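> A structural model of the following input is requested.
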Amino acid sequence: MEKTRITAQIEGERNYHIFYQIFSGADDATTSKLKLEKGMEAFRYLGNRTALRSRRDATSFEETMTCLSQIGLTEDEKSDVLGIVAAVLHIGNIEFEVVKNEDKAQMTESSAESLKIACSLLGLDETKVSEAMLTKLLSVGGKTIHKPQDVGQASDKRDAFAKLVYSSLFVWLVNRINATLASEDALPAAKSSEDAMFSPKQSPYKPPIPTGFIGVLDIYGFENFDNNGFEQLLINYANEKLQRHFNRHLFEVEQSLYSSEGVDWTYITFNDNRPCLELIEGGGGNVGILSTLDDCGGMGTSAERDVNFLAQINQKFGGGNKGAMKSTSSSNGKKKKKKNKSPVKESVRHGNFISPKFGNDRDFIIVHYAGEVRYTATGFVEKNVETLSNELKDLGSTSSNPLAHGIFGAATTSSPAADPATTPARRSTIRGVSVASQFRTSLQMLVMDLECTQPHYVRCIKPNTQKAYSIFDSGEVLRQLRYSGMMETIRIRREGYSLREEHEAFHRKFHLLLSTEEQKKGEGISHLVKVLSKRLKLTDAEWQIGHTKIFLKRDLSSKLERLSSLRVRAAARVVGKFCRNVAHQRAGRLLTAWARLRLVLIRKHREIAASNKISSTYRMYKSRKSYTTTLQSAIRLQCLCRRAVARERVRILRDPYFDMSFKELDILHNQEVIRMETAVNDKDFKTAAEIELSL
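Predicted coordinates for the structure are as follows:
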């Protein structure tokens, strides 16, 4: 199914990473050798655009080269591997045009260079490759006829050849990795330096130890889009097959556990989706939708074959042919109306098939385990036809490149064989093995491998479609849970005994549901189950006692949990009441003691305050008395000092010259007389009058 990504991608989707890694991480010499100098926009298989380039492509290319070295590829082999990858891109650039006045195709002149580069990288002959794409070999009456192909058929062959080249390389790498892993079992175990010093020398080879394998099956889940086609039918068919294996595995695990514990499990139903699988792949003596699709690859246009396919499945599984015949007559005119005259025996409607509501509708509905899916039959027959012809398959054996020759050889030996249930018509040399038959065979091989393993299932859920963090889309998560079969899984677990507990743990958890009188009458898990079954009116279908475990359903477990919780709450209320009484008594005693202590502290505080008041008053009295005495003495001294100062001042006022001797007074008198005379001479009569008054 993934081979279609090589030639076409949906909007916003990239091709395989290796193509972008080469352009981002390879050096100029490598890209020149591979003729990739024009860049990604020059190749049709990459959408002729560079917008989908990633920043990690360069580092991823280095990682890829390192991984190729680790699995034992030499530099020449790695170069050849890159050349085969580049050849796929060059094959995609091959274009065709209609030959004038002829209904056949030919290569355009611009495609010659792409064909030449691709053939040189693959070691193939240009003429043989061109002839295999432009013609088809038919064996009629022992003669080989070269039938020219039109542009559409040649383009399909080109794309089929590109898918063959890429898928062959993929298969070869897988085989090479498996061989590398197997060879590691034959290598001696690594030793430390100390062990090597004292251990005898061993042979470098040891026989390989037969071991199993660990496989990881990556299935996103059930698909149901607005428009579901052939790819969705195959994917949902694979999910139906894997879901049946999961259901059987789950039921068998439950059955083995019940049997080992001696528990009766006969009444537990197992919802088998075998009818839906028989509707798709056939079985029980009836053909399925895929077999009917293989039978519809005859002559006519693609639309006519799709209408024929829809008419047949409506007639076989829809419980009648009314709507189908209307659709057939409306599409094919008078030729189909003649067929309506011969009545066809109506069949019983299949329980998992729903006919479209309108006669000219191109849809049909299949009831899968996860729900109803409406498929559009347009393009079913065309997509089911394997367009890879035998001459294209045989081109690999003519390659002059040893590595390419080995890669094509590995692909042919590793491809799944045709389904033995198919008729010779479906495996004819002209039409080849259909895509549906190859898918069914591969899926059967996968289920056979799963049947031999011990599976462990991990359900991965995407929280949102934007690939953003901290966003949880509940509707998207619910859709994934429903389409991944989790609802059916939950139903299976709920129908059985979903809870299992050890006897001791169960008795320890729920023995409190027995009263004191009931506990005195017996003990053990049997007595507990007997008393509770009688009280709750339960039967053995609700729970059973095994050898080491007790099995009970989820509803009963929830009921016992609630009863246990109520019993614990009732006991908690009794204990709480007793504890509250004890707490109240303790609080009363504590309050009394605290009040008494408080009274003692208040009395003591008052005594201390009174003594402090008395002592402070006495200290104040002493200090005040001392201050008063000191103040009065200071005032008396100040008074005496002021009186002495006043007396001296009065004396001076009365006799300013009391302190002078007669000699000093005579000198002063003479000086003043001289100064007065000077003032008179200077005619300063005012100053002279003052001096005279002083004299």
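> Put the alpha carbons of the strand or helix carrying Ser120 into PDB.
In this structure, Ser120 is located in helix 111-122 according to DSSP states H and E. What follows is helix 111-122 as a C-alpha-only set of coordinates in PDB (Å, rounded to 0.1, in the frame of the first residue of the first chain):
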ATOM      1  CA  SER A 111      12.600  12.200 -21.700                       C
ATOM      2  CA  ALA A 112      15.500  10.500 -23.500                       C
ATOM      3  CA  GLU A 113      18.100  12.000 -21.200                       C
ATOM      4  CA  SER A 114      16.100  10.900 -18.100                       C
ATOM      5  CA  LEU A 115      15.800   7.300 -19.500                       C
ATOM      6  CA  LYS A 116      19.500   7.200 -20.300                       C
ATOM      7  CA  ILE A 117      20.500   8.400 -16.800                       C
ATOM      8  CA  ALA A 118      18.100   5.900 -15.100                       C
ATOM      9  CA  CYS A 119      19.300   3.000 -17.200                       C
ATOM     10  CA  SER A 120      23.000   3.800 -16.600                       C
ATOM     11  CA  LEU A 121      22.400   3.900 -12.800                       C
ATOM     12  CA  LEU A 122      20.500   0.600 -12.900                       C
END
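> For the following helix or strand past it, the averaged confidence score.
With elements assigned by DSSP H and E, the helix or strand that comes after helix 111-122 is helix 126-134. Confidence over helix 126-134, taken as the mean pLDDT, stands at 88.
> Quick check: which helices or strands does helix 126-134 pack against?
The elements that helix 126-134 packs onto, with contact taken as 3 or more C-beta pairs under 8 Å, 6 or more residues apart in numbering; DSSP states H and E, are strand 105-107, helix 111-122, helix 151-184, helix 390-393. Using the backbone N, CA and C atoms, a C-beta is placed for each residue, glycine as well.
> quick one, helices of the stretch 351-500 of the chain?
All helices of the stretch 351-500 of the chain, identified by DSSP state H, counting those that start in this stretch, fall at 380-384, 390-393, 402-414, 435-451, 474-483, 486-495.
> and what of the stretch 501-650 of the chain?
According to DSSP H, counting those that start in this stretch, the helices that the stretch 501-650 of the chain contains are 503-510, 516-521, 525-536, 554-654.
> Which of those helices has the lowest mean pLDDT?
Between the helices of the stretch 501-650 of the chain, the lowest average pLDDT goes to helix 516-521, which shows a mean of 82.
> Asn93: neighbouring residues, count only.
Here the number of neighbours of Asn93 (other C-beta atoms under 10 Å) works out to 20.
> if I look at it, how far off is Leu36?
11 Å (C-beta to C-beta, to the nearest Å).
> Next: Arg55.
Separation of Arg55 from Leu36 (C-beta to C-beta) stands at 20 Å.
> Show me which of these two is the more surrounded one.
For Arg55 versus Leu36, neighbours defined as other C-beta under 10 Å are more numerous around Leu36 (22 against 8).
> could I get the helices of the stretch 351-500 of the chain as a markdown table with distance to Gly524 and mean pLDDT?
A markdown table is the format used below for those (distance: least, C-beta to C-beta, whole Å; pLDDT from 0 to 100):
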| stretch | distance to Gly524 | mean pLDDT |
| --- | --- | --- |
| helix 380-384 | 64 | 83 |
| helix 390-393 | 72 | 73 |
| helix 402-414 | 61 | 76 |
| helix 435-451 | 42 | 87 |
| helix 474-483 | 41 | 83 |
| helix 486-495 | 28 | 70 |
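> what's next to stretch 158-167, contact-wise?
Contact partners of stretch 158-167, identified using C-beta atoms under 8 Å, 6 or more residues apart in numbering, comprise 3-4, 6-7, 16, 45, 84-85, 87-88, 91-92, 94, 96, 122, 129, 132-133, 386-389, 392-393, 395-396, 411.
> Pull out the buried residues from these.
With neighbours counted by 16 or more other C-beta atoms under 10 Å, the contacts of stretch 158-167 contain buried members at 6-7, 16, 45, 84-85, 87-88, 91-92, 94, 96, 122, 129, 132-133, 387-389, 392-393, 395-396, 411.
> ok, now how distant is the closest residue in space to Glu518 that isn't next to it in sequence from Phe510?
Closest residue to Glu518 in three dimensions, ignoring its sequence neighbours and counting by C-beta to C-beta, 6 or more residues apart in numbering: Val531, at 5.4 Å. Remark: distance between Val531 and Phe510 (C-beta to C-beta) = 10 Å.
> Next up, phi/psi of the residue positioned nearest the centre of the chain, please.
Nearest residue to the geometric centre of the chain (C-alpha atoms, centre = their mean): Lys462, 5.1 Å. For Lys462, the backbone dihedrals (degrees, to the nearest 10) come out as phi -90, psi 120.
> Of the helices of the stretch 351-500 of the chain, which is nearest Phe170?
helix 402-414 (8.5 Å; C-beta to C-beta).
> of the helices of the stretch 351-500 of the chain, which approaches Glu692 most closely?
Closest to Glu692 of the helices of the stretch 351-500 of the chain is helix 474-483 (C-beta to C-beta; 129.3 Å).
> So what touches that closest one?
Defining contact as C-beta under 8 Å, 6+ apart, one finds that helix 474-483 is touched by 221-224, 370-371, 461-465, 487.
> Can you give me the buried ones in that helix?
Within helix 474-483, the residues scored as buried using 16+ other C-beta under 10 Å are 476, 479-483.
> Make a markdown table from the helices and strands packed on helix 126-134 and add distance to Ala610 to it.
Supplementary listing: these in a markdown table, determined by distance: least, C-beta to C-beta, whole Å:
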| stretch | distance to Ala610 |
| --- | --- |
| strand 105-107 | 125 |
| helix 111-122 | 116 |
| helix 151-184 | 100 |
| helix 390-393 | 121 |
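> Looking at the ones you listed, which is nearest to Glu677?
For these, proximity to Glu677 was assessed by C-beta to C-beta; helix 151-184 is nearest, at 146.1 Å.
> chain center to that closest one, what's the gap?
What separates the centre of helix 151-184 from the centre of its chain is 29 Å, taken as C-alpha atoms, centre = their mean, to the nearest Å.
> low pLDDT regions in the stretch 251-400 of the chain?
Within the stretch 251-400 of the chain, the stretches with pLDDT under 70 are 266-271, 298-300, 320-347, 358-360, 386-390.
> hang on, the earlier thing: can you select the buried ones from the contacts of helix 474-483 in ChimeraX?
To isolate the buried members of the contacts of helix 474-483 in ChimeraX, using 16+ other C-beta under 10 Å:
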select :221,222,223,224,370,463
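> closest to Tyr621 among the buried residues of helix 474-483?
Out of the buried residues of helix 474-483, the one with the shortest distance to Tyr621 is Glu476. That distance is 94.9 Å, counting by C-beta to C-beta.
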